[in-house]
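Engineer: based on what follows, work out the 3D shape:
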Amino acid sequence: MLNATFGNATEMIVSIVALKAGLIDVVKASLMGSMIANLLLGLGIALFFGGLRINQQNSRINPEHLSAVGRVNASLLNLVIVFLLAPTAIEVTSFALHFQTTNAFSYIASALLLTSYILMLLFSMKTHSHLYGLDEDAEPESYGSEARGKKYGLKLHISLLLATTIVLVFVSEVMVDSLSEAIATTGMSGLFTGVILLPIFGAAVEIITCGICGAKNKVNLASSVAIGSSLQIAMFVTPILVFTGFIIGKPMNLDFDNFTVLGVGIAVLMTNSVRPNSCSNWLEGIMLLMTYLMLATAFFLHPIVAG
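Structural biologist: Sure, this is the predicted structure:
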């Protein structure tokens, strides 16, 4: 929860600043790109680095619990795809779709997503928290300074994260102001910039965390960070931005670019097919990384193909 929240603080702050600047398409692309980066790049790096040290990832979580959590995550990711595809389906099957209709649907869908996110937190942290805990019969492992009895000041670290988040508000203003000029100067499309370039920096926290967890043989934690962050972006950050856009007079809806939604669908498909668990290996990490490189190439060439 903390990893996902503070990791996505960057995404939310930059997105709100960009939304105020009227860069709605870039915000939409960045949100979807962050999901793709977390699922394919972050989780792929974790499985790859973990597999280099160990033939198969080890788990201290009960296999039955792990399977149940995997099914829940897969279902939630599928739910996100359904919500992303709904506006496209309405648009394709309607002869005359008004902008106000799409916005009205987005407000209702955003409320449903937020409700689903709250219920997911209730499920994972309250009613079924035992599914996400360590196996009581598992052998204790040494986790560095934690095993030596050192105590970490959680309040201090959270305060530092909050302080850097406040600083980020001012930095994001400068970045957004120069974003349009940078896109025009480099000649790269706004779609590629939003889906591939910006999320690499925005999701850097999750990607680095996943790599460290994978190298320490904590594939379940890496999976929680990558998938949890993606779910938070889709079910919390995106709806909040929709309502924020309504409040500040910069209406943003859930009608995302069709090619971008396809990319997210591919990322979800690959993640659900790999199902990171105690039997994950480096080859599955390579498959996720190859998929990300394929999508990055497709987004880079997309304007050329379209033309």
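Engineer: and G265, how many neighbours?
Structural biologist: 16 (other Cβ atoms under 10 Å). For glycine as for every other residue, the C-beta is placed from the backbone atoms N, C-alpha and C.
Engineer: actually M252, not the one I typed
Structural biologist: Count around M252 with other Cβ under 10 Å applied: 23.
Engineer: dihedrals phi and psi, it?
Structural biologist: phi -120, psi 140 (degrees, to the nearest 10).
Engineer: residue ranges in the stretch 151-300 of the chain under the pLDDT threshold?
Structural biologist: Scanning the stretch 151-300 of the chain for pLDDT under 70 picks out the ranges 151-152, 165, 168-170, 172-177, 179-184, 186-187, 275-280.
Engineer: hmm, 80 instead?
Structural biologist: 151-190, 198, 200-206, 217, 275-281 (pLDDT under 80).
Engineer: quick one, helices of it?
Structural biologist: 154-186, 190-192, 198-202, 204-215, 219-232, 238-248, 258-274, 282-306 (DSSP state H, counting those that start in this stretch).
Engineer: just the residues contacting the third one, thanks.
Structural biologist: The list of residues contacting helix 198-202 from outside it, by Cβ atoms under 8 Å, 6 or more residues apart in numbering, reads 10-11, 14, 26, 29-30, 33-34, 36-37, 41, 207.
Engineer: which pair in those residues spans the largest distance?
Structural biologist: Greatest spacing in these, by Cβ to Cβ: V26 and I207 (20.4 Å).
Engineer: among the helices of the stretch 151-300 of the chain, which is nearest R71?
Structural biologist: helix 258-274 (9.8 Å).
Engineer: now do the closest one and helix 282-306, the angle between them.
Structural biologist: Calculated by axes from the mean of the first three to the mean of the last three Cα atoms, to 10 degrees, helix 258-274 forms an angle of 170 degrees with helix 282-306.
Engineer: helices or strands next to helix 258-274 in the packing?
Structural biologist: Using 3 or more Cβ pairs under 8 Å, 6 or more residues apart in numbering; DSSP states H and E, the elements in contact with helix 258-274 are helix 24-36, helix 43-53, helix 63-93, helix 282-306.
Engineer: to V261, which of those helices lies closest?
Structural biologist: Nearest of those (Cβ to Cβ): helix 63-93, 5.0 Å.
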